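**Student:** Predicted structure and sequence below. I'll ask about it afterward.
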Amino acid sequence: MKTLLFVDDEPRVLQGLQRQLRPMREEWEMNFVESGGQALEFMAAHPVDIIVSDMRMPHMDGSQLLGEVLKQHPQTVRIVLSGHAERESVLQLVGPAHQYLSKPCDADELRKAIVRAFALRDLLGNEQLKRLTTRIKNLPTLPALQSKLTEELRKDSPSMDNIGETISRDIGMTVKILQLVNSAFFGLAQPVNSPADAAVYLGLNTLRSLVLSMGIFSQYDQNTCRHFSLEALAQHSWITAAMARKIAQSERLDFKIIEQCFLAGLLHDTGQLVLAFGLPGEYAAVISKARNENVPVWQVEQEFFGATHADVGAYLLALWGLPNPITEAVAMHHLPARCAAHEFSPAVAVHAADFFAHKLSGSNTESPPQLDIAYLARIGCAGRIETWRNHCQEDHPL
Ligand SMILES: [Fe+2]
Ligand SMILES: [Fe+2]
């Protein structure tokens, strides 16, 4: 049985939740408490899979509570359900909350968010990786890009184009601002897939307080994990993103899907960053084995951890509320045949783009992946490979 804990200082809200979620009581053990103190007391005695907390509460507010939960119970998924959409309070949750839902929230939306979080936890079987991923507040960023962003934001009239471009060159920054913009607090009808659009939605003031005063981005120390270079990964990810976009354009797809392909390409190897950052010793051994034996790094990860960087990256992105087509493409980028779709999808674009990007410049960790020709034939795309290659060559000669 999965255990849930709901925290709200208004008994009426708790009763409402209890009533709305009653149909789930065979599957979930639901507990309801009225303060942060009671929540921590409860958690000290019972393991909790997901905590759903109100934001504004007396004594200990939602961000303090979730910060404490993160410290004491890093494996618990942390969701905020709040009616107070002030920017300042949202920004305080940038670290400790995985997702933000706004009150009043219909039971179906809440149920879906919880079911999705449980499904993802089950998907990533390895407990150590689950804990590691749930604990992460921020992904490290490239120092050079962070300084560039800081410099731009300090200008009297910064250029939004430069800001968007700088953010989209960095995996950690992109993920963080997309997490924020796609949260319920911004109330956007459609998920945002472009880092540049996300920067515009957040606006200069919010970006300034996030980056300059709150320092939400942590810098990556190049010596963290031997054999792993974040710079090389960023470069590989950028090329993969550009190629995935080219491939989608050559398929004459909708603008929204083209953007999804670009973003999925940019984030496809996020799991490598999680592993290099979270388990540097083990991951250095994985990379070195993959290199010595000339096999794809994900196969060695599977052997070592029982999961790959594709699983870990998809889990993190989904936990942070990034749109489904992106997390699916990240999860399936090595093995697109696992996709439910039997047609062209962002997963296919990223799979092919990753292959071309490796051909172009290799990558510091992975030996060249193989194209899954059988799957591409099954979905009627095998004949398109040469066209894709030609389009990708326009900017990057292969
Ligand atoms: Fe990969
Ligand atoms: Fe890759």
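**Tutor:** Yes, it's here. Residues are numbered from 1 along each chain as shown. Ligands and ions are numbered 1, 2, ... in the order given.
**Student:** other SSEs contacting whatever helix or strand Val350 lives in?
**Tutor:** Per DSSP states H and E: Val350 is located in helix 346-361. Using 3 or more C-beta pairs under 8 Å, 6 or more residues apart in numbering; DSSP states H and E as the contact criterion, the neighbours of helix 346-361 among helices and strands are helix 230-250, helix 255-267, helix 324-331, helix 385-393. From N, CA and C alone the C-beta is placed, and that goes for glycine too.
**Student:** Go again with 6 Å.
**Tutor:** Taking 3 or more C-beta pairs under 6 Å, 6 or more residues apart in numbering; DSSP states H and E as contact, the helices and strands that helix 346-361 lies on are helix 230-250, helix 255-267, helix 324-331.
**Student:** Using CSV, list the CA coordinates for the longest one.
**Tutor:** Looking back up the chat, that one is helix 230-250. Taking C-alpha atoms only, helix 230-250 is exported to CSV below (Å, rounded to 0.1, in the frame of the first residue of the first chain):
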residue,chain,number,x,y,z
LEU,A,230,29.8,18.6,-18.3
GLU,A,231,31.1,20.9,-21.0
ALA,A,232,31.3,18.0,-23.5
LEU,A,233,27.8,16.8,-22.4
ALA,A,234,26.4,20.3,-22.9
GLN,A,235,28.0,20.5,-26.4
HIS,A,236,26.6,17.0,-27.3
SER,A,237,23.2,17.9,-26.0
TRP,A,238,23.1,21.2,-27.9
ILE,A,239,24.0,19.4,-31.2
THR,A,240,21.5,16.7,-30.5
ALA,A,241,18.8,19.3,-29.8
ALA,A,242,19.5,21.2,-33.0
MET,A,243,19.5,18.0,-35.1
ALA,A,244,16.3,16.7,-33.5
ARG,A,245,14.7,20.0,-34.5
LYS,A,246,16.0,19.7,-38.1
ILE,A,247,14.6,16.2,-38.3
ALA,A,248,11.2,17.3,-37.0
GLN,A,249,11.2,20.2,-39.5
SER,A,250,11.9,17.9,-42.3
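**Student:** Now do that helix, average pLDDT.
**Tutor:** Predicted confidence along helix 230-250 averages 94 (mean pLDDT).
**Student:** Spit out the contact partners of the spatially most central residue of the chain.
**Tutor:** The residue at the geometric middle of the chain, judged as the C-alpha nearest the mean C-alpha position with C-alpha atoms, centre = their mean, is Leu317 (1.9 Å). The neighbours of Leu317, taking C-beta atoms under 6 Å, 6 or more residues apart in numbering as the test, are Thr327.
**Student:** Report pLDDT for it.
**Tutor:** Predicted confidence (pLDDT) for Leu317: 93.
**Student:** Where do the helices of the stretch 51-200 of the chain begin and end?
**Tutor:** With DSSP state H, counting those that start in this stretch, the ranges of helices along the stretch 51-200 of the chain come out as 62-72, 87-92, 107-123, 127-135, 143-154, 160-168, 171-181, 195-208.
**Student:** Present those as JSON lines; the columns should include mean neighbour count, distance to ligand 2 and mean pLDDT.
**Tutor:** Converted to JSON lines, these look like this (neighbours: other C-beta atoms under 10 Å; distance: least, C-beta to the ion, whole Å; pLDDT from 0 to 100):
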{"stretch": "helix 62-72", "mean neighbour count": "20", "distance to ligand 2": "30", "mean pLDDT": "92"}
{"stretch": "helix 87-92", "mean neighbour count": "17", "distance to ligand 2": "32", "mean pLDDT": "67"}
{"stretch": "helix 107-123", "mean neighbour count": "16", "distance to ligand 2": "20", "mean pLDDT": "80"}
{"stretch": "helix 127-135", "mean neighbour count": "19", "distance to ligand 2": "19", "mean pLDDT": "88"}
{"stretch": "helix 143-154", "mean neighbour count": "17", "distance to ligand 2": "19", "mean pLDDT": "95"}
{"stretch": "helix 160-168", "mean neighbour count": "19", "distance to ligand 2": "17", "mean pLDDT": "95"}
{"stretch": "helix 171-181", "mean neighbour count": "25", "distance to ligand 2": "12", "mean pLDDT": "92"}
{"stretch": "helix 195-208", "mean neighbour count": "19", "distance to ligand 2": "18", "mean pLDDT": "92"}
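**Student:** Kindly present those as JSON lines, with separate columns for distance to Leu371.
**Tutor:** Compiled in JSON lines, these are given as follows (distance: least, C-beta to C-beta, whole Å):
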{"stretch": "helix 62-72", "distance to Leu371": "41"}
{"stretch": "helix 87-92", "distance to Leu371": "42"}
{"stretch": "helix 107-123", "distance to Leu371": "25"}
{"stretch": "helix 127-135", "distance to Leu371": "28"}
{"stretch": "helix 143-154", "distance to Leu371": "31"}
{"stretch": "helix 160-168", "distance to Leu371": "26"}
{"stretch": "helix 171-181", "distance to Leu371": "24"}
{"stretch": "helix 195-208", "distance to Leu371": "28"}
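**Student:** so how far is ligand 2 from Ala232?
**Tutor:** Using C-beta to the ion, to the nearest Å, we find Ala232 at a distance of 11 Å from ligand 2.
**Student:** Also Ala285?
**Tutor:** Taken as C-beta to the ion, the spacing of Ala285 relative to ligand 2 amounts to 20 Å.
**Student:** picking up where we left off before, tell me the angle of the helix holding Val350 relative to helix 324-331?
**Tutor:** Put simply, helix 346-361 runs at 40 degrees to helix 324-331, going by axes from the mean of the first three to the mean of the last three C-alpha atoms, to 10 degrees.
**Student:** and helix 346-361, how far from the chain's centre?
**Tutor:** Mean C-alpha position of helix 346-361 versus that of the full chain (C-alpha atoms, centre = their mean, to the nearest Å) differs by 20 Å.
**Student:** close to ligand 2, is that helix?
**Tutor:** Yes. Contact between helix 346-361 and ligand 2, assessed by C-beta under 5 Å from the ion, occurs at Asp354.
**Student:** With just CA atoms, put that helix into CSV.
**Tutor:** Output of helix 346-361 as CSV, limited to C-alpha atoms (Å, rounded to 0.1, in the frame of the first residue of the first chain):
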residue,chain,number,x,y,z
PRO,A,346,10.0,13.2,-30.3
ALA,A,347,11.5,10.0,-29.0
VAL,A,348,12.3,9.0,-32.6
ALA,A,349,13.7,12.5,-33.5
VAL,A,350,16.0,12.3,-30.4
HIS,A,351,17.0,8.7,-31.1
ALA,A,352,18.2,9.6,-34.6
ALA,A,353,19.6,13.0,-33.6
ASP,A,354,21.7,11.3,-30.9
PHE,A,355,23.0,8.9,-33.4
PHE,A,356,24.0,11.7,-35.9
ALA,A,357,25.5,13.8,-33.1
HIS,A,358,27.7,11.0,-31.9
LYS,A,359,28.8,10.5,-35.5
LEU,A,360,29.7,14.2,-35.7
SER,A,361,31.8,14.6,-32.6
